[in-house]
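Engineer: For reference, the sequence and a predicted model appear below.
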Amino acid sequence: MSLVLEDLRAGYGDIPVLHGVSLEVREGEVVALLGRNGAGKTTLIKAAMGLVRTFSGRVRYGGVDLTPLPPFRRALKGLGYVPDDRRIFPELTVRENLLVAARPGPWNLEKVYDLLPRLREIQHRRGGLLSGGEQQMLTIARTLMTNPRLLLLDEPTEGLAPLLVEEIAHLVRSLKGEGMPILLAEQNLRFTGAVADRAYVLETGEVRLEGRMADLLEREEVAALLSL
């Protein structure tokens with residue numbers, strides 16, 4: 001099933017941030033949102049999840065119009081949201097953080113541990129004692145425990161050391177191998193180049209460029225739009 005945004009205008013209060021954005025995430029692919037700070041990447045992820053105001057346009061998933069639905073209804077339809085601020089429960093253990101989010105489906109504790117063996121090793125450690133990379137893995141894993149059919153990842157590598165970025169890249173590639181479609185907002189071009197099939201480049205809330213990730217990496221306009 002595809003996630004489709006059609007001519008979406010969305011933002012905060014009475015102020016639109018996105019101005020007529022259209023995109024598609026197809027089954028089994030990783031799509032990146034690229035752009036400078038303030039380009040609208042996070043707002044777009046939140047708009048897909050219903051966390052900001054939609055002024056016009058449509059969000060469809062599997063042909064179903066999600067636009068009128070609140071975030072929890074969109075989650076029940078199959079969208080999984082991983083925010084950029086690692087919202088874990090610091091007083092709960094890793095295992096408890098995972099179980100509190102569990103919903104019936106193929107993603108259970110053992111499958112998550114198989115995908116992320118490090119979490120099995122630290123399953124009895126409190127969330128507040130984890131490193132930034134471990135917290136990011138836990139945040140993604142907890143979303144998987146809700147058994148989504150599509151993931152929305154907001155800046156998954158922000159603030160992480162290069163070695164941990166590679167671990168997140170391996171995780172994203174593994175999820176793609178499981179058939180999980182992913183829309184991710186990201187500024188790390190090396191990371192997106194390693195994991196994304198296609199990308200949309202945003203500037204001031206509009207799509208300026210789109211195409212295959214490998215092709216975009218060779219275009220001078222991309223470097224200019226990202227201030228590289």
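Structural biologist: Nice, I can see it.
Engineer: Roughly how far does Pro151 sit from Ala223?
Structural biologist: For the record, residue 151 is Leu, not Pro. Distance from Leu151 to Ala223, counting by Cβ to Cβ, to the nearest Å: 28 Å. For every residue, glycine as well, the C-beta is placed using N, CA and C.
Engineer: One more: Gly11?
Structural biologist: For Gly11 relative to Ala223 (Cβ to Cβ), the value is 28 Å.
Engineer: Just give the number of residues close to Leu92.
Structural biologist: Other residues within reach of Leu92, judged by other Cβ atoms under 10 Å, total 15.
Engineer: State the phi and psi torsions of it.
Structural biologist: Main-chain torsions, Leu92, degrees, to the nearest 10: phi -90, psi 150.
Engineer: Tell me how far the residue nearest the centre of the chain lies from Thr143.
Structural biologist: The centre of the chain sits closest to Leu153, judged by Cα atoms, centre = their mean, with a distance of 1.2 Å. Counting by Cβ to Cβ, the separation of Leu153 from Thr143 is 9 Å.
Engineer: Show me which of Gly11 and Ala223 is the more surrounded one.
Structural biologist: Taking neighbours as other Cβ under 10 Å, Gly11 and Ala223 compare with Gly11 leading, 19 against 12.
Engineer: what's that one in contact with, if anything?
Structural biologist: When contacts are counted by Cβ atoms under 8 Å, 6 or more residues apart in numbering, Gly11 touches Val17, Leu18, Thr43, Val52, Arg53, Phe55, Gly205.
Engineer: Pretty sure it sits in a helix.
Structural biologist: No: according to DSSP: H, G, I helix; E, B strand; the rest coil, Gly11 belongs to no helix; its state is strand.
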